[in-house]
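J.: structural data only, the sequence is not supplied:
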């Protein structure tokens, strides 16, 4: 199985922000499992609410600093 067709588990830091939420959408559409990590200082849960029902999406509130 090539890397382009292999399903991967990907961590997106800042995933609830504008860019991060769009990246999460793209990765899910590609078939990857996505862990969205955000501290919600600038990102909002509203940006990823539509992804919450996807079994391959996981949202974690955490600050990596």
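T.: Yep, that arrived. None of the values given here were measured: they were computed from a predicted structure.
J.: all helices of this structure, in order?
T.: In the chain, the helices defined using DSSP state H lie at 18-30.
J.: what stretches of it score poorly on pLDDT?
T.: The model of the chain has pLDDT under 70 over residues 1-5.
J.: how about the strands in it?
T.: Using DSSP state E, the strands of the chain run over 9-13, 33-38, 57-61.
J.: among those, which is the most enclosed?
T.: strand 33-38 (a mean of 21; mean count of other CB atoms under 10 Å). (Glycine included, C-beta is placed from N, CA and C.)
J.: check the offset of that strand from the chain's centre.
T.: 4 Å (CA atoms, centre = their mean, to the nearest Å).
J.: repeat for stretch 7-21
T.: 3 Å.
J.: for it, give me every contacting residue.
T.: Stretch 7-21 is touched from outside by 23-24, 27, 31-38, 40, 42-45, 47-48, 51, 59, 64, with contacts defined as CB atoms under 8 Å, 6 or more residues apart in numbering.
J.: could you rerun that using 7 Å?
T.: Stretch 7-21 is contacted from outside by 23-24, 27, 31-38, 40, 42-45, 47-48, 64, using CB atoms under 7 Å, 6 or more residues apart in numbering.
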